[in-house]
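Chemist: Model the following, please.
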Amino acid sequence: MLRRALLAGAALLALSTPASAFERQHHLGVGPDLGMLKVADKSTLSVGAGLGLHYAYGLTDQFNLMAEAGSTIVALDQQQDTPDAPRTRPARVDCFGLGVGYVIDILRWVPYVGVMAGGYGFSGGTIERYHPAVGAQLALGLDYQLDRSFAIGVAARQHLVFSEKTYPSFTTFFLRAEYIWGW
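Modeler: Down below sits the predicted model:
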């Protein structure tokens, strides 16, 4: 089994072409997301979909400045008119982040990891007004460069909301498409 995995990995490396990393390269993209929010006083996750925008700038061959913003609807059916409903269940989570990512772009498959500081906004549902919070994001992704100007990929973000204990975990998974220029 291990031998087959090693042979498959070697074949992928042999068939892949270089991605040609460049400094000062810009990436601008968009993609749908699936979000999962854990609310402290709720037994199940609030799950929904949203949309994210991302921008990256190549500081060096390996490090990118990363900026992201997104909005995810995590619960459309939260009943606000019930008097006994907890006032901690948002319908939407907005987030933005700014940070740095480490990129391994020697092949068309481009894995990356990163960390971003960010802000969050919880609204709708049983929350009476917009509720801001601060935190950080851990980023993980894999892009495939179709050519020098376009890439597609998948990504995951684990959001750590520091200023709010009511939401101990928020996770998003993305499909990404991006335009690349500046090479």
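
Chemist: CA atoms for contacts and neighbours, from now on please.
Modeler: Noted.

Chemist: Next, the residue in the chain sticking out farthest from the centre: secondary structure please.
Modeler: In the chain, the residue that sits farthest from the middle, by Cα atoms, centre = their mean, is residue 83; the gap is 35.3 Å. Put simply, residue 83 is coil when judged by DSSP: H, G, I helix; E, B strand; the rest coil.

Chemist: Hmm, residue 23 and residue 56 touching each other?
Modeler: No - Residue 56 lies out of contact with residue 23 (Cα atoms under 8 Å); the separation is 11.3 Å.

Chemist: Pick out whichever of these two has more residues nearby.
Modeler: A side-by-side neighbour count of residue 56 and residue 23, using other Cα atoms under 10 Å, places residue 56 first with 22 against 15.

Chemist: Can you tell me the element the more buried one falls in?
Modeler: When elements are assigned from DSSP states H and E, residue 56 belongs to strand 46-58.

Chemist: That strand pairs with which strands, and in what direction?
Modeler: In the sheet, strand 46-58 lines up against strand 26-38 (antiparallel), strand 63-73 (antiparallel) (DSSP bridges).

Chemist: ok, residues contacting the longest one?
Modeler: In this structure, residues lying in contact with strand 26-38 by Cα atoms under 8 Å, 6 or more residues apart in numbering are 44-58, 72-74, 167-182.

Chemist: Within the helices and strands, which one has the most centrally placed residue in the chain?
Modeler: Closest residue to the average C-alpha location of the chain: residue 157 at 4.1 Å, with Cα atoms, centre = their mean. Assigned by DSSP H and E, residue 157 belongs to strand 150-161.

Chemist: Adjacent strands (with direction) for that strand?
Modeler: Paired strands of strand 150-161, with direction, are strand 131-145 (antiparallel), strand 169-181 (antiparallel) (DSSP bridges).

Chemist: Just put those in TSV and tack on distance to residue 65, mean neighbour count and mean pLDDT.
Modeler: Below are these laid out as TSV (distance: least, Cα to Cα, whole Å; neighbours: other Cα atoms under 10 Å; pLDDT from 0 to 100):
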stretch	distance to residue 65	mean neighbour count	mean pLDDT
strand 131-145	12	19	96
strand 169-181	14	19	96
